[in-house]
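S.K.: Give me a 3D structure for the following:
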Amino acid sequence: MSYAQLAQVMRVFLCHSSGDKVSVRSLYQRLREDGIEAWLDEEEILPGQDWEDEITQAVRAVDAVIVCLSRESVSKTGHVQKEIRFALDKADEQPYDP
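M.R.: Just a heads-up that it's a prediction; the model follows:
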């Protein structure tokens, strides 16, 4: 892969509920096969790392956030809602470019 191609690699964060892990893992693999640098917690966070800090850094570093929703994820409270709010807050900080 040339430098120009490397510069164009899209980086995405996969926001999901733990109950949707199997489906999201499949999406992760398909994105990686297509040359997209996908970020998945179980692949990127090492034991002992502060998961909240790692996720915050990851959302700031990516080009896009893919929010994976299911009946289960929208009916429970937890970390997925926090990740979605953080991603939306980061989007609000971006300059408006019509």
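S.K.: Which residue lies nearest the spatial centre of this structure?
M.R.: Phe13 (1.6 Å; C-alpha atoms, centre = their mean).
S.K.: Double-check that that one belongs to a strand.
M.R.: Yes - using DSSP: H, G, I helix; E, B strand; the rest coil, the assignment for Phe13 is a strand.
S.K.: does it really touch Ala87, like I thought?
M.R.: Yes - the pair Phe13 and Ala87 passes the contact test of C-beta atoms under 8 Å, sitting 7.3 Å apart. From N, CA and C alone the C-beta is placed, and that goes for glycine too.
S.K.: Could you tell me which residues touch both of the two?
M.R.: Taking C-beta atoms under 8 Å, 6 or more residues apart in numbering as the contact rule, the neighbours common to Phe13 and Ala87 are 59, 65.
S.K.: okay, now Glu42: neighbour count?
M.R.: Glu42 sits with 10 neighbouring residues when counted by other C-beta atoms under 10 Å.
S.K.: got the phi/psi numbers for it?
M.R.: Main-chain dihedrals, Glu42, degrees, to the nearest 10: phi -70, psi -20.
S.K.: do Ala38 as well
M.R.: The phi/psi pair for Ala38 (degrees, to the nearest 10) is phi -90, psi 140.
S.K.: Next one: it, what pLDDT does it get?
M.R.: Among the per-residue scores, Ala38 shows a pLDDT of 96.
S.K.: Show me what it is bridged to.
M.R.: Taking DSSP bridges, one finds Val12 as the beta-bridge partners of Ala38.
S.K.: measure it to Val80 for me?
M.R.: Here Ala38 is placed at a distance of 17 Å from Val80 (C-beta to C-beta, to the nearest Å).
S.K.: Likewise for Lys21?
M.R.: Applying C-beta to C-beta, the value for Lys21 to Val80 is 11 Å.
S.K.: Show me which of those two is the more surrounded one.
M.R.: Under the neighbour definition other C-beta under 10 Å, Lys21 and Val80 were set side by side, and Val80 has more, 22 against 15.
S.K.: mind checking the SS state of the more buried one?
M.R.: Secondary structure, three-state DSSP: Val80 is helix.
S.K.: Tell me who's in contact with it.
M.R.: Under the criterion of C-beta under 8 Å, 6+ apart, the contact list for Val80 reads 15-17, 73.
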